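Enquirer: Have a look; sequence and predicted model below, questions after that.
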Amino acid sequence: MPVTIQDVEHVAALARLSFSEEEKMKLTAQLNEILLYMEQLNTLDTTNVEPLSHVIELQNVFRPDVLRPSLPREEALKNAPAYTEEFFKVPKVIGDR
């Protein structure tokens, strides 16, 4: 079913777009070309083709998760502008307005 100028006008109205008559004709032609190409794709035999979730095969690029000791608390706190014995001190961000 080919796209008509009325279809383009309807979609343009839904999207709140305005086009000149020349642009409407150009869009109608372009949309019809796209649909013709899609019809060519519909003629392909895809009975033995499994569906894909991605066009290219994905693989995990993360490093292995290796257990190792963390930074000692004293070392982590020594460069902080403000801290207590165990925690970083930060400005209050939640409160009364």
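Expert: It's in.
Enquirer: Please report the distance of residue 82 from residue 94.
Expert: Separation of residue 82 from residue 94 (Cβ to Cβ, to the nearest Å): 18 Å. The C-beta positions use only the backbone N, C-alpha and C, and glycine is treated the same way.
Enquirer: These two: which is more packed in?
Expert: Applying other Cβ atoms under 10 Å to residue 82 and residue 94 shows that residue 82 carries more neighbours, namely 10 against 4.
Enquirer: For that one, which non-adjacent residue is closest in space?
Expert: Sequence neighbours aside, residue 89 is the residue nearest to residue 82 in space, at 3.7 Å (criterion: Cβ to Cβ, 6 or more residues apart in numbering).
Enquirer: how close does that neighbour get to residue 74?
Expert: 15 Å.
Enquirer: next one: residue 83
Expert: 10 Å.
Enquirer: residue ranges of the helices in the chain, please?
Expert: Along the chain, counting by DSSP state H, helices occupy 5-14, 21-42, 73-77.
Enquirer: Test for you: state the pLDDT assigned to the residue sitting furthest away from the middle of the chain.
Expert: Note on the chain: the largest C-alpha distance from the chain mean falls to residue 85, namely 43.7 Å (Cα atoms, centre = their mean). Listed pLDDT for residue 85 reads 82.
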